[in-house]
Structure formats: C-alpha cells, structure tokens
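Visitor: model this:
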Amino acid sequence: MRAFIFPGQGSQAVGMGQALAAASPHAREVFGEVDEALGQNLFRLMTEGPADELTLTENAQAAIMANAIATLRVLEQEGGVRLADKADFVAGHSLGEYSALCAAGAFDLATTARLLKLRGQAMQAAVPVGEGGMAALLGADLDKAQAIAAAAAEGEVCTVANDNDPSQVVISGAKAAIDRAIGLAKEHGAKRAVALPVSAPFHCPLMQPASDAMEKALAEARVSAPLVPVYANVIAAPASDPDTIRRLLVEQVTGMVRWRESVLAMVEAGVTEFVEFGGKVLTPMVKRIAPDANAVSVVSMDDIEGLLKTL
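Guide: Predicted structure coming up:
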C-alpha cells in the first residue's frame, strides 16, 4: 500500500517550480491557475524572489501547495496515472493537508489556493509580530517536549505544535515562554533547542482568531468527498466526510500536527511506501518514524520519471 504525502512550510525556496514549468505545460497550467485564483503573480515570486517576500506565510503556503500539485499533475498527465489507482491514502503536514485534499479532489485548485492565502493572512494577523515564537526541540520526544513546554509556560501559552518524529518536536506560544523553553530544554533531556525563523506562533491557542476566520471560509467552500481517505493532522486518522474535513481543518489551526502518529497509523493500516511531492522535508521524518518503510521525494522531472518506473 502507498501514501502520497505533501510538505508544509519551510520547504519554500526561490527557484521552486522553475525547472518543472520549463519542462512541462501541465506544470505551467497549475502555476497559471493559482496566479489567476489569487490575482497575483505568485509564480514569478516563486522563481525570482525576493526570498523574504516568498517566505511571508501568506505567499509561502500557496506556493508550496502549487509546487506540490504541479509535480503531481505532471506525474498524472504525462505518466498517464490516476492518484486513486496508485495511492491508498494521502496526508500532508500542516498546510500540506490542503495540498493532500486538493490532490484527492476534495478541493479544486483555485479554492485551495484562495483558502491558503487567507489562512496565511489570518495566521499572520492573529498575533502581532514579535509577540509569538516557535522552537524546534531536537533529541526530544513528545513527552519530553510537553514537560519542557509546561515548565516554561508560567501562565503564558506554550504548547507542542508539531510532533514531527521521535527526535524532533516543535513548540509554539508566547515569545517569552518559548525563550524560557529554549533555556530549559537541555536540563529536561533535549539535545538542543533552536528558535525557528517564523513570523507567527502556528498551531497553538494564540491562533484562535485565525481558526475563526478559517471556520467562516471553510463553511462557504465547496468540499467533495476525497478519492482516497485523507489522514488528518489533528486526529492522526483518516477522514472522508466533507463536514468532518471542514471541522478538522478548523481545529488544525490551533491544534497539534500529529505527524509522527499519522505515519505510524498509515503503516499500521498497511502502507509500506510513502511518496512526497514537491519537497524533501517529510521523507527523512518518515524514515526516522518507520525505518522499514520505503520513502521517496519527487521534485524534478527525473524524479517523476524514476517514480513512474516503480508505480
């Protein structure tokens, strides 16, 4: 069994999608459709930068999705394969869950792009710049990370945002609490703690205004039943009902990304092969979570051609 997986924020880079667009009209079509949906030249920003503008969450989220979906579209159109025939499940990390839902036909591409633009804007607006922060705890599992967050909170928000893999957990919250957590990390058994260069504290209760904004937008968005079940971040389990998908995406804004558990659940369901589209972020995580699983990243035309030989 096989899962198609889609990366989250941090996988953006100037030049993304450029080679794919040069090689394939199907990729160019995706980037053009996203630009049209957003009323901005996002593809030019992806290929030419500047990097600081691309990294703004309102741009990065849609860009990462567009790049992943373009990669998948090239595989499907030029390789003559259908996702429903080649994948048993899809999943994505944070914003990647929207890419996964788009890949599985739950959202159309224009809707996905507009939702992610709004999600980025709402997340940025939820907390004034400089008041929130995030940190990666390396060499810490979920239990250690929760203990560090609890010890650092002192009445402020400080919670686990992403349970990425057995050796990397990300915490999120008020800037002062995150700074305290970085200072406490080693005495609680983490190897080290690294402040992340993010503009807002994602996946924590401070994001409630963004959650409210997404609830309104998702209520109005057309959601179809996906072609294959989507493993949702907040429950680490499959979802297929459109109303359930809406609710879980709203919860995801303030909730923990249970990526480690999602991968384990997919393995438990019989998945032996993971294919990451448009990034090389999740593949190493999967290998740390499930060393016996086969995980590959598909970014370039060569990667697509290589994957086609194995499907």
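Visitor: Now the helix or strand of the chain with the lowest mean pLDDT: buried residues?
Guide: Least confident element among the helices and strands of the chain, by mean pLDDT, DSSP states H and E: helix 51-55 (a mean of 91). Residues of helix 51-55 classed as buried under the neighbour-count rule (16 or more other Cβ atoms under 10 Å) are 54-55. C-beta coordinates here come from the backbone N, C-alpha and C atoms, glycine included.
Visitor: Please tell me how far the next helix-or-strand element following it is from the chain's geometric centre.
Guide: Under the assignment DSSP states H and E, the closest C-terminal helix or strand after helix 51-55 is helix 57-79. On the basis of Cα atoms, centre = their mean, to the nearest Å, the separation between the geometric centre of helix 57-79 and that of its chain is 12 Å.
Visitor: Show me what counts as buried in helix 57-79.
Guide: By neighbour count, with 16+ other Cβ under 10 Å as the criterion, the buried positions of helix 57-79 are 57-76, 78.
Visitor: Also stretch 27-39?
Guide: Judged by neighbour count using 16+ other Cβ under 10 Å, the buried positions of stretch 27-39 are 27-31, 33-35, 37-38.
Visitor: now stretch 133-145
Guide: Within stretch 133-145, the residues that qualify as buried are 133-137, 139-142, 144-145, counting by 16+ other Cβ under 10 Å.
Visitor: Looking at these, which is nearest residue 275?
Guide: Relative to residue 275, the closest of the buried residues of stretch 133-145 is residue 136; by Cβ to Cβ it sits at 25.0 Å.
Visitor: what's the spacing between the closest one and residue 192?
Guide: For residue 136, the distance to residue 192 under the criterion Cβ to Cβ, to the nearest Å works out to 9 Å.
Visitor: same thing with residue 21?
Guide: From residue 21 over to residue 192 the distance is 38 Å, taken as Cβ to Cβ.
Visitor: With residue 18 instead?
Guide: 34 Å.
Visitor: Which residues does stretch 177-194 contact?
Guide: With contact meaning Cβ atoms under 8 Å, 6 or more residues apart in numbering, stretch 177-194 is reached by 132-140, 144-145, 147-149, 151-154, 156-158, 171-172, 195, 201.
Visitor: Go again with 6 Å.
Guide: Applying Cβ atoms under 6 Å, 6 or more residues apart in numbering, the set of residues contacting stretch 177-194 from outside is 133, 135-140, 144, 147-148, 151-153, 156, 158, 171.
Visitor: Which members of the residues you listed are the farthest-apart pair?
Guide: Pairwise distances across the contacts of stretch 177-194 peak at 24.5 Å for 139 and 156 (criterion: Cβ to Cβ).
Visitor: Surely residue 250 touches residue 216?
Guide: No - when contacts are counted by Cβ atoms under 6 Å, residue 250 is not listed as touching residue 216 (9.5 Å).
Visitor: Among the buried residues of stretch 133-145, which lie within helices?
Guide: If you go by DSSP state H, these have 142, 144-145 in helices.
Visitor: Distance to residue 84 and pLDDT added to the residues you listed, as JSON lines?
Guide: Written out in JSON lines, the entries for these read as follows (distance: Cβ to Cβ, whole Å; pLDDT from 0 to 100):
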{"residue": "142", "distance to residue 84": "33", "pLDDT": "97"}
{"residue": "144", "distance to residue 84": "40", "pLDDT": "97"}
{"residue": "145", "distance to residue 84": "37", "pLDDT": "98"}
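Visitor: Need the per-residue pLDDT for residue 297.
Guide: Reading off the per-residue confidence, residue 297 sits at a pLDDT of 98.
Visitor: residues touching it, list them.
Guide: By Cβ under 6 Å, 6+ apart, the contact set of residue 297 is 276, 280, 283.
Visitor: ok, of those, which come out buried?
Guide: Here the buried ones among those, as counted with 16+ other Cβ under 10 Å, turn out to be 276, 283.
Visitor: Which residue comes closest to residue 211 once chain neighbours are left out?
Guide: Leaving aside its sequence neighbours, residue 211 sits nearest to residue 253 (Cβ to Cβ, 6 or more residues apart in numbering; 4.0 Å).
Visitor: Residue 18 and residue 192: who's more crowded?
Guide: Between residue 18 and residue 192, counted using other Cβ atoms under 10 Å, the more crowded position is residue 18 (16 against 13).
Visitor: from the buried residues of stretch 133-145, which single one is nearest residue 122?
Guide: Taking Cβ to Cβ as the measure, residue 122 sits nearest to residue 134 out of these, at 17.0 Å.
Visitor: partner residues bridging the closest one?
Guide: Residue 134 has the following beta-bridge partners by DSSP bridges: residue 172.
Visitor: separation between it and residue 182?
Guide: The gap separating residue 134 from residue 182 is 11 Å, by Cβ to Cβ.
Visitor: And residue 276, by the same measure?
Guide: For residue 276, the distance to residue 182 under the criterion Cβ to Cβ works out to 29 Å.
Visitor: residue ranges of the helices in the stretch 201-311 of the chain, please?
Guide: Chain-ordered helices for the stretch 201-311 of the chain, with DSSP state H, counting those that start in this stretch as the definition, fall at 208-220, 242-254, 259-268, 282-289, 301-310.
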